[in-house]
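Participant: I need the structure of the sequence given here:
(one chain, ligands or ions: 1)
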Amino acid sequence: MEEFSTIASLRARLAKERATGRTIGLVATMGSLHAGHLSLVDAARQSSDCVILSAFVNPLQFGPHEDFARYPRDPVRDRDLAAARGVDVLFTPSAAEMYGAGSDVRVVAGEVGSRLEGAVRPGHFDGVLTVVAKLFNIIAPDIAFFGQKDIQQVILVRRMIRELDFAVRLTVVPIQREPDGLALSSRNTYLSPTERASALALSRALRAVAAEWRDGETDAGVLRARMEEILHAEPGVVVDYVVIVEPERLAPVTRAVAGIIVAVAALVGRTRLIDNVILGEAYA
Ligand code: PAF
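Facilitator: The predicted model follows:
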């Protein structure tokens, strides 16, 4: 595995791949790699000749009171995990390399970006889309691999690709879960053992609702009430939102059909967790 931390050196390296007609697959991460990221690498490995993983904690997507400073960082472990999993190229730029002395221009996520996560994290998705657009421009990947766990991010990246005409294909990889159902997230490291036990209510509620839907319940109001009942029964969980929405604009629906998203966000202790299920798709 080769590692680059400057845009110029990375571009020079990738030019060689392109010259020989090899396809480039991008896995964009903020480092602190876990099995969820590695499943993206596996998907990239299967369908691209050259797999590039970027690891960059993007300051633009954190609000002033969010966890940018304490966001977990472990570059040595990331390097080992990436190399062992078959990453060809690791891109680890500094903030100065990505944004220079200052940066004012932003990709604006628009109305869809102001819903759900965007409502509690103003500007978050502008920061996400700005860095993803930069990575697309720097790397020019053929395929980009994103995890379903951040479903709103996936929807916004898909819209950005379409609306800004990026020549990149998006592959969405299902959520990776611990054996007890907890969705993998870098932020799980913040959870105490008690909080981790409480956090299981999110996947438990999603699983219950997916089962009720499979059994024939399609009234979104009923499904949502069932989710909330399970979540409110867990004292360590403070629900932020439970939504049942369509996958294009994240608008609420009244009838839940296949492809509809059930998404939840909640505070467990000081840690904000998100999870979701797409009805009709396997819930691992
Ligand atoms: O999903 C993430 O880890 C980040 O939002 C991303 C896509 C790497 C952009 O910083």
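Participant: just checking, N137 is part of a helix?
Facilitator: Yes. Using DSSP: H, G, I helix; E, B strand; the rest coil, the assignment for N137 is a helix.
Participant: look up the residues forming beta bridges with R169.
Facilitator: Counting by DSSP bridges, R169 forms beta bridges with I143.
Participant: and it, how far from the ligand?
Facilitator: 16 Å (CB to the nearest ligand atom, to the nearest Å). Any C-beta I mention is one placed from the backbone N, CA and C, and that applies to glycine too.
Participant: do I have it right that that residue meets I143?
Facilitator: Yes. Under the criterion of CB atoms under 8 Å, R169 is in contact with I143, at a separation of 4.7 Å.
Participant: between the two, which has more neighbouring residues?
Facilitator: I143 (18 against 14; other CB atoms under 10 Å).
Participant: quickly note the distance from the more buried one to the ligand.
Facilitator: 15 Å.
Participant: E2 now?
Facilitator: In terms of CB to the nearest ligand atom, E2 sits 20 Å off from the ligand.
Participant: one more: R226?
Facilitator: According to CB to the nearest ligand atom, R226 and the ligand sit 29 Å apart.
Participant: host element of that residue?
Facilitator: Element membership of R226 [criterion: DSSP states H and E] is helix 220-232.
Participant: for that helix, packing partners?
Facilitator: In terms of contacts (3 or more CB pairs under 8 Å, 6 or more residues apart in numbering; DSSP states H and E), helix 220-232 is packed against helix 193-214, strand 237-245, strand 261-268.
Participant: which one, of the ones you listed, ends up nearest to E117?
Facilitator: Among these, strand 261-268 comes nearest to E117, with 6.8 Å by CB to CB.
Participant: distance from the chain centre to the helix or strand following that closest one, please.
Facilitator: Proceeding N to C from strand 261-268, the next assigned helix or strand is strand 271-278, under DSSP H and E. Relative to the centre of its chain, strand 271-278 is centred 10 Å away, using CA atoms, centre = their mean, to the nearest Å.
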